[in-house]
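Colleague: Sequence and predicted structure, then a few things I'm wondering about:
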Amino acid sequence: MAKQRTKKRTHVGAANPKHQAPPTGRSAASDPKSMVIRIGAGEVGSSVSQLAKDVRQVMEPGTASRLKERRANRLRDYVTMTGPLGVTHLLLFSRSDSGNTNLRVATTPRGPTLHFRVDKYSLCKDVRRAQRHPRGGGKEYTTPPLV
């Protein structure tokens, strides 16, 4: 009797990342995802815009780091997109008429909202400028922040 033929070309090898077992521990689906948004994109000023960029960078990799806000976008537009994108937290930066910077942290879809007034803050570029030997090669934001 002849030996049975074995497929060699279509065999999925162990090096294929598509068919590997998921890593042990917490799954990536349960990790929180966030959006950092400036409300009133034209009126908040450049320092609050830079603060929002810095917070996005700190919250990586679970945040939308290249989110583009437009003047026409409203808060409702962002809230409707949280479900399909799997976003669990919204961080909203705004500036009041008196000049105070405010931060709202909201959990979606129907969680509580926390309101904070930001008294003092330092931007990343100011901290780097003040250091004698600034460190950072871009790898410090590849892992999620510790909470």
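Modeller: Nice, thanks for sending it over.
Colleague: Quick check: residue 48 is in a helix.
Modeller: Yes. Secondary structure assignment places residue 48 in a helix (DSSP: H, G, I helix; E, B strand; the rest coil).
Colleague: roughly how far apart are it and residue 97?
Modeller: Note on residue 48: its distance to residue 97, by CB to CB, to the nearest Å, is 14 Å. For the C-beta atoms, the positions are set from N, CA and C on the backbone; glycine is no exception.
Colleague: more neighbours, the two?
Modeller: residue 48 (22 against 6; other CB atoms under 10 Å).
Colleague: before we move on, which element is residue 79 in?
Modeller: helix 75-85 (DSSP states H and E).
Colleague: could you give the mean pLDDT of stretch 64-79?
Modeller: Taken as a whole, stretch 64-79 has a mean pLDDT of 84.
Colleague: can you map out the strands along this protein?
Modeller: Using DSSP state E, the strands found in the chain span residues 34-38, 89-95, 101-107, 113-118.
Colleague: Reformat those into JSON lines and put mean pLDDT, mean neighbour count and distance to residue 72 next to each item.
Modeller: Written out in JSON lines, the entries for these read as follows (pLDDT from 0 to 100; neighbours: other CB atoms under 10 Å; distance: least, CB to CB, whole Å):
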{"stretch": "strand 34-38", "mean pLDDT": "90", "mean neighbour count": "22", "distance to residue 72": "14"}
{"stretch": "strand 89-95", "mean pLDDT": "91", "mean neighbour count": "18", "distance to residue 72": "17"}
{"stretch": "strand 101-107", "mean pLDDT": "92", "mean neighbour count": "17", "distance to residue 72": "20"}
{"stretch": "strand 113-118", "mean pLDDT": "93", "mean neighbour count": "10", "distance to residue 72": "23"}
